[in-house]
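1. need a structure here:
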Amino acid sequence: MQSPSRRHRRWSPLGLRLETALGSLALAVLALACDAPAGTPSIPPHLLEDERNTIEVFRRTAPSVVFVTNSEIRRNPFDLDASQSTRGTGSGFIWDDTGHIVTNFHVVEGGNRFTVTMADGSSHEARLVGVAPRKDLAVLAIDPTGFELEPLQAGDSTSLVVGQKVLAIGNPFGLDSSLTTGVISALGRQIQSVAGTLIEDVIQTDASINPGNSGGPLLDSSGRLIGVTTGIFSTSGSSEGIGFAVPVATVTRLVPQLIAYGRAKWPGLGITALPDHVAAAWGVSGVIVRSVQPGSPAARAGLKGIQGTPRGHRHFDLITEVDRRPIQRSIDLIDALDDHDPGDVVPVRFLRDGRTWEANVELGELK
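-> As a prediction, the model looks like this:
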């Protein structure tokens, strides 16, 4: 499936710049104050059941959503004076009770100082724990001493259906604790990450998502996390009813790695490949194996690098399929492997001298 970003070049990540135009206030966003429980008004009895559900989910989950400020501190090399500038803002949410905050990579990109503002208005310095640019995810950490954190409960993004109600909470245009609702418009979308790779199985929703929402949670009607809002398809830069969220299945797989190792553990075959333009010049579609690392998964599976003959003929292995997915370019190989973890066994099909071979390869970890 071709992503909207590749067809129209209009997909854009959110949250890098705080918009100040007063016209943005006319957007269809329901802004509710997240007060302390003692000051929260009761839900009017005449409201519809769906309205009551929306209010209850918001009140229960809004304390878990935070405002992230990304700043850059620069020092003058001559007098060592420091200056600070805000690079962008976005949203995030509490992952666990030890102080970890999940947000988008593009929210924290380029910064070296981060501030997390909680729903109660308190601000806390945060440190960057780890990033996964390929999936536009990042983890920050704050000191949890002195207050009780309320992590969101992770849901299941593999059982979602089109038409299902969803809620998004974030800080669009700097308006804190804002709620929008909608439905799942489509499933299985693909969008391009900041790193240039594909984020697959992305959730599309018509819940209004605007600059500043990035990194905030997408919730189901039970208040469970089903995705992390990451971008929109727009001609104006503001919401046009087509928003995207990284599925929680991806989040729950990568965030523990970012917390434990500071990075995601990406699987690999242990090969180097020729550039795509070389494969095109040689008249083939696939990934040409340039060399194979000794002792690597590819070596154990029998793949070989380019070999020449005295007459100048080239012999090479051409990877054409991984895990039953066609491979035409290097990015296809990266995206196919990104869905797995080191240690997974996947079938790899390749051509050698006109003959098709297939091997089950136990993936290693890229270093």
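2. I'd guess Ile331 is in a helix, am I close?
-> Yes. Ile331 forms part of a helix when assessed by DSSP: H, G, I helix; E, B strand; the rest coil.
3. Could you check how far it is from Pro275?
-> Using Cβ to Cβ, to the nearest Å, Ile331 is found at 12 Å from Pro275. C-beta here means a position set from N, CA and C on the backbone, and glycine is covered the same way.
4. Mind checking which of these two has more residues around it?
-> Set Ile331 next to Pro275 and count neighbours by other Cβ atoms under 10 Å: Ile331 wins out with 15 against 12.
5. just checking, that one touches Gln192?
-> No. Here Ile331 does not reach Gln192: they are 9.6 Å apart, not a contact under Cβ atoms under 8 Å.
6. Pull up the overlap in contacts between those two.
-> Shared contacts of Ile331 and Gln192, defined by Cβ atoms under 8 Å, 6 or more residues apart in numbering, are found at Leu198.
7. Contact partners for Gly92?
-> Taking Cβ under 8 Å, 6+ apart as the test, what Gly92 contacts is Val65, Val66, Phe67, Val68, Ile101, Val102, Thr103, Val107, Val116, Leu140, Gly215, Gly216.
8. just Ile203 next, same as before
-> Contact partners of Ile203, counting by Cβ under 8 Å, 6+ apart, are 157, 160, 166, 184, 187, 189, 218, 226-227, 244-247.
9. go on, Ala126?
-> Val68, Ile101, Phe114, Thr115, Val116, Leu140, Ala141, Ile142.
10. Show me which of those residues is closest to Ile271.
-> Leu140 (34.7 Å; Cβ to Cβ).
11. from the chain's centre, how far out does the stretch of helix or strand the closest one belongs to sit?
-> With elements taken from DSSP states H and E, the one containing Leu140 is strand 137-141. With Cα atoms, centre = their mean, to the nearest Å as the basis, strand 137-141 stands 11 Å off its chain's centre.
12. Which neighbouring elements make contact with that strand?
-> strand 100-103, helix 105-108, strand 123-132, helix 248-261 (3 or more Cβ pairs under 8 Å, 6 or more residues apart in numbering; DSSP states H and E).
13. and it, what's its mean pLDDT?
-> The average pLDDT for strand 137-141 rounds to 96.
14. do the same with stretch 66-83
-> 68.
15. and Ala301, backbone torsions?
-> phi -80, psi -10 (degrees, to the nearest 10).
16. actually Leu225, sorry about that
-> phi -70, psi 120.
17. hmm, back to that, could I get the contacts of Ala126 in CSV, plus columns for neighbour count?
-> Output for the contacts of Ala126, formatted as CSV (neighbours: other Cβ atoms under 10 Å):
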residue, neighbour count
Val68, 29
Ile101, 27
Phe114, 23
Thr115, 19
Val116, 21
Leu140, 28
Ala141, 20
Ile142, 22
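18. if we can go back for a sec, looking at the helices and strands packed on strand 137-141, which one is packed in the most?
-> Mean neighbour count (mean count of other Cβ atoms under 10 Å) peaks for strand 100-103 among the helices and strands packed on strand 137-141, with a mean of 27.
19. So for Leu249, what's the nearest residue that isn't a sequence neighbour?
-> Leu isn't right for residue 249; it's Ala. Ser157 (4.8 Å; Cβ to Cβ, 6 or more residues apart in numbering).
20. which ones are touching the one you found?
-> Contacts of Ser157 by Cβ under 8 Å, 6+ apart are Asp201, Ile203, Ile226, Gly227, Pro247, Val248, Ala249, Thr250.
21. Quick one, which of those residues has the minimum pLDDT?
-> Confidence-wise, Asp201 trails the rest of the contacts of Ser157, at 87.
22. which SSE is it in?
-> Using DSSP H and E, Asp201 maps to strand 198-205.
23. May I see the domains of the chain written out as residue ranges?
-> 1-16+27-74+83-264, 267-365 (automatic domain parsing).
24. just for the stretch 51-200 of the chain, where's the confidence low?
-> Scanning the stretch 51-200 of the chain for pLDDT under 70 picks out 73-87, 172-176.
25. surely Asp156 meets Val248?
-> Yes. Asp156 lies in contact with Val248 (Cβ under 8 Å); the separation is 7.3 Å.
26. Could you tell me which residues touch both of those two?
-> Counting by Cβ under 8 Å, 6+ apart, the shared contacts of Asp156 and Val248 are Ile226.
27. Next, format the contacts of Gly92 as JSON lines and append distance to Phe316.
-> Listed next are the contacts of Gly92 as JSON lines, based on distance: Cβ to Cβ, whole Å:
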{"residue": "Val65", "distance to Phe316": "51"}
{"residue": "Val66", "distance to Phe316": "51"}
{"residue": "Phe67", "distance to Phe316": "52"}
{"residue": "Val68", "distance to Phe316": "47"}
{"residue": "Ile101", "distance to Phe316": "47"}
{"residue": "Val102", "distance to Phe316": "42"}
{"residue": "Thr103", "distance to Phe316": "43"}
{"residue": "Val107", "distance to Phe316": "42"}
{"residue": "Val116", "distance to Phe316": "51"}
{"residue": "Leu140", "distance to Phe316": "45"}
{"residue": "Gly215", "distance to Phe316": "43"}
{"residue": "Gly216", "distance to Phe316": "47"}
